[in-house]
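>>> Based on what follows, work out the 3D shape:
(one chain, ligands or ions: 1)
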Amino acid sequence: MSNKMWGGRFEGGPDAIMEAINVSIDVDRHLYAQDIAASKAHAAMLSAQGIIAADDAKNIAQGLDTILSEITQGTFTFKRALEDIHMNVESRLAELIGPGAGRLHTARSRNDQVATDFKLWVRDTIDALDTALAEYQRALVERALEHADTVMPGFTHLQTAQPVTFGHHLLAYVEMAARDRGRFADARKRLNESPLGSAALAGTSFPIDRFATAKALGFDRPTANSLDAVSDRDFVLETLSAAAIASVHLSRFAEEIVIWTSPLVGLIRLSDKFTTGSSIMPQKRNPDAAELVRAKTGRIIGSLNALLIVMKGLPLAYQKDMQEDKEGAMDALGALALAINAMTGMVRDLIADKARMEQAAGDGYATATDLADWLVRTLKMPFREAHHVTGRIVAKAAEAGVALDALPLATMQVVEPRITAEALAVLSVQSSVASRTSFGGTAPKNVREQAEAWRKRLENDAISR
Ligand code: ARG
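Model prediction:
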């Protein structure tokens, strides 16, 4: 039997393999709410413009409401023979209200319909991701305030570099998340034009009001070019790019958590809620959630890559290739939401080993720069020379097998006779971080100020749109 929605010129039905490659209902069924909302807006506009009768519009709207509740209650039967969500809904509408259902598709096509539905879905998803990112930021800010004074080693090249505060480290991720939110907000702003009424590709001869449907669906305006509207998926690409960058940020923090929880490092401990055990080694506490956040980045970047490749070289206007946009995007954005929530949970519960952090902060001559800075400030030594002098003192400490602040003053004076006892005071990790008060620096005072400012900003914060 030929397809009842478009089979007029067909005698036979599709091959089973044709149906298998063509069907998208398993994926686009997730667009049901958006599909129904867009159809309701379209029907209301058709009636307001006198294109269909008010009675038909009323029946259509009621039928669509019935379908919505059937789907949410799980009583709706999705049919693969009907390919996608659009035809599943329209076909059921015909069962419910009769031939009047056939008027709904006046002055539209599945091409503008799917672009509209998916934009609405992506928009809703961006809003949900933004809420999750704000919650993640709040968790980081609270822990940063708590740990404004906690000293830990700061690393470059994963080598102990200079002491920093744990609060400062946490606030670094707040900044990253803020830029991630900014990227999603940008994508949202650009996507918020309605394709509905672009029809198949050329627009329509019916006197439709695209501004009315755009407004009804919360879009800022209708898209200005019908060919562009049905044939572009840059709104998905842009959202996936933002998602890929956000997931890269999360993966970096996840990796740090994996490193920090290793018994070799031991800077933090995850709560039981975010740790798993080993089936063979009873002592193990595995940071699986952090590892999986790190790994989810793969599929998120992969989806972006896949859709870029699908879109590359596609001529105008709609091509069926574009049906491949949804599965990867839904998977990727779902994975990102989960990753954000997992990080929020880990951040809320993690226990910092303050003593271990402080001890590690002093390892590896982390305050050598402070000594060099003292030589510059007090002895007016050029920094390059101070760097060299300090290097020689570090070598002496290494030779003696002691920390920098445990090296006798007399030994330092062998290298530079003008060094006084005052210099020793700058060598503690606490005074090191306390001195880093330059704007954006790690001093506890700065961290407290920044964290308080973020707390205020995040209090009643929604995406800046
Ligand atoms: N399921 C299709 C998609 O996701 C809907 C649009 C189909 N349009 C068409 N002309 N066959 O892209």
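>>> What parts of the chain come near the ligand?
24, 28, 84, 110-111, 114, 318, 320, 322-323 (Cβ under 6 Å from any ligand atom). (Glycine included, C-beta is placed from N, CA and C.)
>>> can you pull out the strands in the stretch 151-300 of the chain?
151-156, 159-165, 193-194, 221-222, 268-269 (DSSP state E, counting those that start in this stretch).
>>> Sheet partners, orientation included, of the second one?
Put plainly, it is strand 159-165. strand 151-156 (antiparallel) (DSSP bridges).
>>> Tell me which of the strands of the stretch 151-300 of the chain is the most buried.
With neighbours taken as mean count of other Cβ atoms under 10 Å, those reach their highest mean count in strand 193-194, at a mean of 22.
>>> In terms of secondary structure, what does that one contact?
If you count contacts as 3 or more Cβ pairs under 8 Å, 6 or more residues apart in numbering; DSSP states H and E, strand 193-194 packs onto helix 210-216, strand 221-222.
>>> Give the pairing partners of the shortest one; include direction for each.
Right, strand 221-222. Short version: by DSSP bridges, strand 221-222 pairs with strand 193-194 (parallel).
>>> So what touches the partner strand?
For strand 193-194, the external contacting residues (Cβ atoms under 8 Å, 6 or more residues apart in numbering) are 116, 119, 210, 213-214, 217, 219-224, 229.
>>> show me where pLDDT drops low in the protein?
For the chain, applying pLDDT under 70 flags the ranges 1, 462-465.
>>> hmm, 90 instead?
Along the chain, the parts satisfying pLDDT under 90 run over 1-13, 161, 272-285, 362-366, 403-406, 424-426, 460-465.
>>> Most widely separated two among the residues of the chain next to the ligand?
Using Cβ to Cβ, the pair of the residues of the chain next to the ligand lying farthest apart is Asp28 and Tyr318, separated by 14.6 Å.
>>> Please identify which of those two sits among more neighbours.
Each of Asp28 and Tyr318 has its neighbours counted (other Cβ atoms under 10 Å); Asp28 has more, 25 against 22.
>>> name the helices or strands packed onto the helix or strand harbouring the more buried one?
Applying DSSP states H and E as the criterion places Asp28 in helix 25-28. In terms of contacts (3+ Cβ pairs under 8 Å, 6+ apart), helix 25-28 is packed against helix 85-97, helix 325-349.
>>> May I see the buried residues of the last one?
It stands for helix 325-349. Within helix 325-349, the residues scored as buried using 16 or more other Cβ atoms under 10 Å are 325-333, 335-337, 339-340, 342-349.
>>> after that helix comes which helix or strand?
Taking DSSP H and E, what comes next after helix 325-349 is strand 351-352.
>>> One more: the shortest one?
Going down the chain from helix 85-97, the next helix or strand is helix 110-146, by DSSP H and E.
>>> now the angle from that next one to helix 85-97?
When axes from the mean of the first three to the mean of the last three Cα atoms, to 10 degrees is applied, the directions of helix 110-146 and helix 85-97 differ by 110 degrees.
>>> now helix 110-146 against helix 325-349, angle please.
Using the same axes, to 10 degrees: helix 110-146 against helix 325-349 is 10 degrees.
>>> any chance you could map the helices in the stretch 201-350 of the chain?
All helices of the stretch 201-350 of the chain, identified by DSSP state H, counting those that start in this stretch, fall at 210-216, 226-231, 234-261, 288-311, 325-349.
>>> which helices and strands sit right next to the longest one?
Packed against helix 234-261, as judged by 3+ Cβ pairs under 8 Å, 6+ apart, are the following elements: helix 110-146, helix 166-191, strand 268-269, helix 288-311, helix 325-349.
>>> any idea how far the fourth one is from the chain center?
It refers to helix 288-311. Its chain's C-alpha centre and that of helix 288-311 lie 11 Å apart, by Cα atoms, centre = their mean, to the nearest Å.
>>> Repeat that for the second one.
For helix 166-191, the distance from its own C-alpha centre to the chain's C-alpha centre is 9 Å (Cα atoms, centre = their mean).
>>> Show the contacting residues for Ala43.
So Ala43 contacts 52, 56-57, 60-61, 64, 104 (Cβ under 8 Å, 6+ apart).
>>> Confirm that it lies within a helix, as I assumed.
Yes. Counting by DSSP: H, G, I helix; E, B strand; the rest coil, Ala43 falls inside a helix.
>>> Could you give the number of residues near the nearest residue to it once chain neighbours are set aside?
Excluding its sequence neighbours, the residue lying closest to Ala43 (Cβ to Cβ, 6 or more residues apart in numbering) is Ile60, at 4.4 Å. Neighbour count of Ile60, defined by other Cβ under 10 Å: 26.
>>> wait, doesn't Ile60 sit right on Leu104?
Yes. Counting by Cβ atoms under 8 Å, Ile60 touches Leu104, with 5.3 Å between them.
>>> Ala335 against Gly302, yeah?
No. Contact criterion Cβ under 8 Å: Ala335 and Gly302 do not qualify, at 10.1 Å.
>>> shared neighbours of the two, anything?
Contact criterion Cβ under 8 Å, 6+ apart; no residue bridges Ala335 and Gly302 by contacting each.
>>> Now do the same contact list for Phe166.
Phe166 is in contact with 144, 147, 150-152, 352, 357, counting by Cβ under 8 Å, 6+ apart.
>>> change it to 10 Å
143-144, 146-152, 267-268, 352, 354, 357-358, 361, 442, 447 (Cβ atoms under 10 Å, 6 or more residues apart in numbering).
>>> Same check on Gly334?
Per Cβ under 10 Å, 6+ apart, neighbours of Gly334: 30, 125, 296, 299-300.
>>> now Val433
Val433 touches 148-152, 154, 162-165, 168, 361, 367, 370, 441-447, counting by Cβ under 10 Å, 6+ apart.
>>> what about Ala246, neighbour count?
Ala246: 25 surrounding residues under other Cβ under 10 Å.
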